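>>> Give me the fold of what follows.
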Amino acid sequence: MSRSFDGGRCFGMILRDTALRVSLAACLLADLSACGAAGGEIRSEGPAPSRIPWTGPVYALDWQSLAWPRPDTMDLTADTVLWGVKWHDWGSPRATGTGSVLDLACRSGCPHGDYPHYAVTIVFSGLVKRQYAAYYSHAAVTPVHPPAPGWAEDVRGVALHVPKP
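Next comes the predicted model:
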């Protein structure tokens, strides 16, 4: 018995093999596309971190939420003021300044009719980026000659206001 070439049968086998490969590839692609999140949707975790340093404007908000770029005087709390501040590295993640803190509330009794003050080192940190500007979120005040006066207990570490996103 001689066998003859059956073109229809051969074409059917090729078609079945191709269909099997296509459906296998479709299943694999569907499995991989669902790897991003539960339910198959894409989820965003916020902006990607950037190693590019901030180059826009940088502000510190005082206790009344007034924005100050590189302030030489600023109301740190309702009763205390940063005064005569000279800043180093303003705009960096950690700005350092030297100046004084004044007791505006005269909690010390205001001897000699003047507002009491003492020399300090100020560090603004916690740079938070918003749409077109960045803001410091924390102020740390350290006396140049410790200890700090009793009226200045509330200025060691101050959370600065930051605009909501």
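>>> Run through the strands of this structure in chain order.
Assigned by DSSP state E, the chain shows strands spanning 58-61, 67-68, 73-75, 80-88, 95-103, 117-125, 128-129, 134-135, 138-143, 157-159.
>>> I'd like to know which elements the third one is packed against.
Contacts of strand 73-75 with other secondary structure elements, assessed using 3 or more C-beta pairs under 8 Å, 6 or more residues apart in numbering; DSSP states H and E, are made with strand 80-88. To be clear about C-beta, it is placed using only N, CA and C from the backbone, and glycine gets the same treatment.
>>> Show me which residues of the strand it packs on are buried.
Residues of strand 80-88 classed as buried: T80, V81, L82, W83, V85, W87 (neighbour count, 16 or more other C-beta atoms under 10 Å).
>>> how close does the second one sit to L104?
Distance from V81 to L104, counting by C-beta to C-beta, to the nearest Å: 6 Å.
>>> cool, and A78?
When distance is defined by C-beta to C-beta, A78 is 8 Å away from L104.
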